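# Show me the folded form of this:
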Amino acid sequence: MKVCIPCTHSDTERGQLHIPYGDAPFFAFWDSATGQFEFESNPLAGKDDACACAITRWVRKLGAHVFITADIGRRAAARLVQAGVQALHAPDGSVAQVLAQCRAGSLPFSPSGEPVRNCRDRAGDHHAHEAGSRCGHQHHGEGSHSGWGCHH
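Next up is the predicted model:
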């Protein structure tokens, strides 16, 4: 089984779960058969075509069976599931912490009902709130994926 985690750096020591996943500079792939990590640069980071469909195809092409993220909507999660990739929710943490939670079975399926969303404020601090609620951040229209890291 291969687990995919969008992350900030290409190593397990500094790599943190990246929000939003489509703009993650790297994706960590952990192989349960070997216990080893491989890191891939995100070829879609910063591109207009970095939609959920493109990320799903790329992640599946690289053999992922599980995708862990902090910010995913129902349609994106459904695309992953249709592609044979299980979507799990982790609020934050290092690559190693997120993988440990996955291996322990403590990460919920994403989205389960309405997922909890994680947002970044101007200082870069994260906080969680229920999907559909307003966090006070700048929003650019309903369902927008812009602003200060809010994904509703």
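# Now the most centrally placed residue in the chain. Nearest residue, chain neighbours left out?
Nearest to the mean C-alpha position of the chain, counting by C-alpha atoms, centre = their mean, stands T69 at 2.5 Å. Distances taken as C-beta to C-beta, 6 or more residues apart in numbering place Y21 nearest to T69, at 4.4 Å, with adjacent residues excluded. Heads up, the C-betas are built off the backbone N, CA and C, glycines and all.
# how about the helices in the chain?
Along the chain, counting by DSSP state H, helices occupy 52-61, 74-82, 95-103.
# And these: which comes nearest D31?
helix 95-103 (11.2 Å; C-beta to C-beta).
# could you give the mean pLDDT of that closest one?
The predicted model assigns helix 95-103 a mean pLDDT of 95.
# buried sites along that helix?
Neighbour counts over helix 95-103 (16 or more other C-beta atoms under 10 Å) mark V95, A96, V98, L99, Q101, C102 as buried.
# In TSV: these, plus distance to S110.
Converted to TSV, the buried residues of helix 95-103 look like this (distance: C-beta to C-beta, whole Å):
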residue	distance to S110
V95	17
A96	20
V98	12
L99	16
Q101	13
C102	12
